[in-house]
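Q: okay, here's the prediction I keep looking at, along with the sequence it came from:
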Amino acid sequence: MNLENFSPSVRRTLAISEKETFHILRDLRALAVSFVLPIVLLVLFGYGVSFDLDKAPLAIVDLDNTPASHNLVRNLTANQEFLVEDWLKDPNDVVTSFRRSRTLGALVIPRHFSANIEKGKSTDIQLLVDGSSGTVAGSLLGSLAAFVQSESENIAYKKTLQKSRPLLKTEVTLQYNPALQSAIFFVPGLVAFVLAIVAVLLTSLTVAKEWERGNMEQLFATPVTRLEVVLGKLLPYLAIGCLQALLVLAVGMGVFDVPMVGNPLLLAFATLLFMIGMLGHGLFLSVVTRNQMLATLGAAFTTILPTILLSGFLYPISNMPRILQVLSLIFPARYFMTILRAILLKGSTFQDLWPHFIGLAAFSIIVIAGARARFVRRIA
Amino acid sequence: MSENPMQNENAIHVSNLERKFGDFFAVRDVNFEVRRGEFFGYLGANGAGKSTTIRMLCGLLAPTNGTALVAGIDVAKNPNAVKRRIGYMSQKFSLYPDLPVEENLRFFAGAYGLSGKTLLHKIDSILDETGLTNHRKTITSELAGGWQQRVALGNSLLHNPEILFLDEPTAGVDPASRREFIDIVKHRVQQGATAFLTTHYLDEAEFCERVGLMASGRLVTLGSPQELKSRHVPGDFWILQTNRAQQIKKQLLNMRPSVFSAHPYGKGLRVRTVSGLFDHNSLTHFLHSFDANAICAKGSASLDDVFHTVVKEDDNTAGEK
Ligand SMILES: Nc1ncnc2c1ncn2[C@@H]1O[C@H](COP(=O)(O)OP(=O)(O)OP(=O)(O)O)[C@@H](O)[C@H]1O
Ligand SMILES: [Mg+2]
């Protein structure tokens, strides 16, 4: 590349970017970790720490013990969603099974189950779920209830087959994420999370360090301007962040079948905007604190935590207390998460999402302007 | 290169320069000039205000009063124009220790706006000038302290600055390395650059054409080392070797004010007297009346003497106020 054609300002900015790249390449291990970590997290979230029900362990208390009750249990385990872990004789033993964490839910089939069906009388089936298992409890309860509902409809249908078709049949359709796979929710969250980490890296490893070491003073004795320092430092990290975001998306799409319904360019634009905001935020912190430890701590608290907790990544914003809902409006992670999910899963357009884009842009502008303003050239 | 209308001006012209931090005067009413091509030394104890002065001259710190013209340009008004024409080596460690020598130079060359072939040639010539060619690929943190200082010096020479500001560049470095370092700077001065060097080492100040001495934020004296010596510590210096130093010292000090001072020196004494008070014979004669084996030899003033005298005077006058 022939840099001699560029203006001195561009040359100086690129010199800073180049040096920053040297620093990054000096520490290949950190670079490798920063690429591997998000993939590990994605796989963990995608497979392991899943909210999906895959072979959820159940206890069965079959007090009826008839072909009809056996049939019910067989249907329950047919699609791998549930796995019978305990066969119990006494409903009171369910609590013990829960306490030993052997099972998460239980189905109690009452005596006279089959007799009642024959007579066309309604029967109460008891469902028990271990509430301490958190989110899983909710989906388990939902699935079990849905199963019992559909079984009862089937039974009713068979019984009335000769006469007429069933009058009512509920059908629940989940829009956009039919299998309710966690990975599809996690990929957007992880993209935001990874970018937040890059922002922390920038602050802790680069800018605050230069203040601490006294490099900044030497730098200011050259004709380099503050904007050149800010931009020169942002560029390489922006590139790394974008590569990581791409990697997470690619793995999400390739391995976990995350769809890309919307416009990839719009997605790229949102990512860039979010990234600039995150990096600007990190820069702002290190300019204000001029101290590696403080800047890193501050960045962790104000970028990573809100990205995990206040963005809708793990907990839906609508379920949060009012104060936290208002607080989440300050952090760009919320807007970004909404945009990502909407573009990936729903194919939303800019017309649908523009207020969120404004949220992202506003944050970026405020923090970068703040960083530049506090970046006092005269080190007084 | 743009032509310089101030060709005959001084390289540095400082008048009434002042910097306050809160109520504290770090630099107070400082006035001096440095000629083009001069090797200028700036001395002072810890906290005297040397770094504060240099940072104001480099456009890194705004003065609270007074003006500084560097290369004919008012620093406060146009710091960027000044920065292009000066080289600055800060007192703090300013290199990137994780990068090789070459990449440190490359970065600063870029920061000064060099690029392409010019940049590569410049780096080669700086490595050669500072004797670092064999270390170009060495990671900077693996170099010895004296060599690291050369890299830092190289960084500040990349753009052929007219004026070099070196803030205690040789602090903590062994004497041989210090000498070599100063030689690199001297060579630049011979080629027309101006050097402004702060230091704690008085032997280093002896090389300087002129020396300014700071104490408590003020410039208390200024001149060539020779001028400073004859101004502040006039008279004759004698080195005495004797086993009866205590007794002889007492006798000599009885002759004040003809004898200015007598201090322990090795096992003997170092004595300053009014010029011409003794010659070799008369002093030997005097000594032998106390110690038959005493020997004396002519000594000479050092900047150390100047420094101690001036700082003491400054303390005394400060005490009188
Ligand atoms: N940014 C600052 N804020 C407050 N006081 C300062 C600041 N910078 C310097 N000082 C004070 O100004 C005085 C002069 O400091 P300066 O660094 O100029 O001394 P120096 O002659 O360079 O000393 P040294 O030989 O230790 O480098 C010191 O008392 C110092 O504490
Ligand atoms: Mg200093």
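A: Received, thanks. Ligands and ions are numbered 1, 2, ... in the order given.
Q: and the longest helix anywhere in chain A, what's buried?
A: Secondary structure of chain A read by DSSP state H shows that its longest helix is helix A:226-256. Using 16 or more other CB atoms under 10 Å in any protein chain shown as the test for burial, helix A:226-256 gives A:226, A:228-238, A:240-242, A:244-245, A:247-249, A:251-252, A:256. (Glycine included, C-beta is placed from N, CA and C.)
Q: now the angle from the helix or strand just after it to helix A:226-256?
A: Later in the chain than helix A:226-256, the nearest helix or strand by DSSP states H and E is helix A:264-289. For helix A:264-289 against helix A:226-256, the angle by axes from the mean of the first three to the mean of the last three CA atoms, to 10 degrees is 130 degrees.
Q: in what helix or strand does B:Asn31 lie?
A: strand B:24-34.
Q: how about the next helix or strand along the chain from that strand, does it reach ligand 2?
A: Using DSSP H and E, the next helix or strand after strand B:24-34 towards the C-terminus is strand B:39-44. No: judged by CB under 5 Å from the ion, strand B:39-44 and ligand 2 are separated, with a smallest distance of 8.5 Å.
Q: does any part of the helix or strand just after strand B:39-44 sit near ligand 2?
A: Scanning forward in sequence from strand B:39-44 by DSSP H and E, the next helix or strand is helix B:50-57. Yes: using CB under 5 Å from the ion, helix B:50-57 reaches ligand 2 at B:50-51.
Q: quick one: name the residues of the stretch 51-200 of chain B near ligand 1.
A: Contact residues (CB under 6 Å from any ligand atom) of the stretch 51-200 of chain B with ligand 1: B:51-52, B:91.
Q: kindly recompute the last result at 8 Å.
A: B:51-55, B:61, B:91, B:167-168, B:198, B:200 (CB under 8 Å from any ligand atom).
Q: pLDDT weak spots in the chain?
A: If you meant another chain, say so; for now it's chain A. A:1-6, A:46-54, A:133-136, A:157, A:159-183, A:200-205, A:376-380 (pLDDT under 70).
Q: that answer is for a different chain, and I need it for chain B
A: Within chain B, the segments meeting pLDDT under 70 span B:1-8, B:313-321.
Q: what is the burial count for A:Ser69?
A: Counted with other CB atoms under 10 Å in any protein chain shown, the neighbours of A:Ser69 add up to 20.
Q: quick one, what contacts A:Leu104?
A: Counting by CB atoms under 8 Å, 6 or more residues apart in numbering or on different chains, A:Leu104 touches A:56-58, A:98, A:129-130, A:133, A:136-137, A:140.
Q: restrict the residues you listed to contacts with ligand 1.
A: Near ligand 1, by the rule CB under 8 Å from any ligand atom, you find none of the contacts of A:Leu104.
Q: so which of those residues is the closest to chain B?
A: Closest approach between these and chain B, by CB to the nearest CB: A:Val136, at 46.5 Å.
Q: coming back round to it: got the angle between the strand holding B:Asn31 and strand B:39-44?
A: Using the same axes, to 10 degrees: strand B:24-34 against strand B:39-44 is 160 degrees.
Q: mind splitting the chain into its structural domains?
A: No chain specified, so I'll use chain A. Listed by automatic domain parsing, the domain ranges of chain A are A:3-49+A:182-374, A:56-159.
Q: hmm, no, I was thinking of chain B.
A: B:5-230, B:234-300.
Q: for the longest helix of chain A, name the packing helices and strands.
A: Contact analysis of helix A:226-256 by 3 or more CB pairs under 8 Å, 6 or more residues apart in numbering or on different chains; DSSP states H and E lists helix A:8-26, helix A:28-43, helix A:182-202, helix A:264-289, helix A:350-374 as its packing neighbours.
Q: can you give me the strands in chain B?
A: B:12-21, B:24-34, B:39-44, B:65-70, B:73-74, B:86-89, B:163-167, B:194-199, B:210-215, B:218-223, B:236-241, B:259-265, B:268-273, B:295-299 (DSSP state E).
Q: neighbours of the residue nearest to B:Glu33 when sequence neighbours are not counted, how many?
A: What sits nearest to B:Glu33 in space, not counting adjacent residues and going by CB to CB, 6 or more residues apart in numbering or on different chains, is B:Asn10, at 4.5 Å. Neighbourhood size, B:Asn10 [other CB under 10 Å]: 18.
Q: pretty sure B:Asn10 sits against B:Phe32.
A: No: using CB atoms under 8 Å, B:Asn10 is not in contact with B:Phe32; the gap is 9.4 Å.
Q: quick check: neighbours shared by the two?
A: Counting by CB under 8 Å, 6+ apart, B:Asn10 and B:Phe32 have no contacts in common.
Q: against ligand 2, how distant is the residue in the stretch 151-300 of chain A positioned nearest to ligand 1?
A: Closest contact between the stretch 151-300 of chain A and ligand 1, by CB to the nearest ligand atom, is at A:Glu217 (11.2 Å). Using CB to the ion, to the nearest Å, A:Glu217 is found at 12 Å from ligand 2.
Q: now do the host helix or strand of that residue: distance to the chain's middle.
A: Assigning secondary structure by DSSP H and E places A:Glu217 in helix A:215-220. With CA atoms, centre = their mean, to the nearest Å as the basis, helix A:215-220 stands 40 Å off its chain's centre.
Q: re the thing from before, which one of the domains of chain B lies nearest to A:Ser364?
A: domain B:5-230 (26.2 Å; CB to CB).
Q: ok now that closest one, how far from the chain's centre?
A: Offset of domain B:5-230 from its chain centre (CA atoms, centre = their mean): 10 Å.
Q: what of stretch B:239-248?
A: That offset, for stretch B:239-248, works out to 34 Å (CA atoms, centre = their mean).
Q: contacts for that stretch, please.
A: B:262, B:264-271, B:287, B:290-291, B:293-299.
Q: related to what we said a few turns ago, closest to A:Thr123 out of the domains of chain B?
A: Smallest distance to A:Thr123 across the domains of chain B (CB to CB): 73.4 Å, for domain B:5-230.
Q: show me the contacts for the closest residue to ligand 2 within the stretch 1-150 of chain B.
A: Residue nearest to ligand 2 within the stretch 1-150 of chain B: B:Ser51 (3.0 Å; CB to the ion). The neighbours of B:Ser51, taking CB under 8 Å, 6+ apart as the test, are B:91, B:167-168, B:198.
Q: okay, those residues in CSV with distance to B:Arg136 and neighbour count next?
A: Shown next, in CSV, are those (distance: CB to CB, whole Å; neighbours: other CB atoms under 10 Å in any protein chain shown):
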residue, distance to B:Arg136, neighbour count
B:Gln91, 26, 17
B:Asp167, 25, 21
B:Glu168, 26, 21
B:Thr198, 29, 25
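Q: check the residues you listed one by one and keep those near ligand 2.
A: B:Gln91.
Q: enumerate every residue touching B:Gly44.
A: B:50, B:198, B:213-215.
Q: select only the buried ones of those residues in ChimeraX?
A: Selection of the buried residues among the contacts of B:Gly44 in ChimeraX, burial being defined by 16+ other CB under 10 Å:
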select /B:50,198,213,214,215
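Q: most widely separated two among the contacts of B:Gly44?
A: So, the contacts of B:Gly44 by CB to CB: farthest apart are B:Thr198 and B:Ala215, at 13.6 Å.
Q: returning to that earlier point: doesn't B:Phe93 make contact with the residue of the stretch 151-300 of chain A closest to ligand 1?
A: No: using CB under 8 Å, A:Glu217 is not in contact with B:Phe93, being 10.6 Å away.
Q: all good on my end, thank you.
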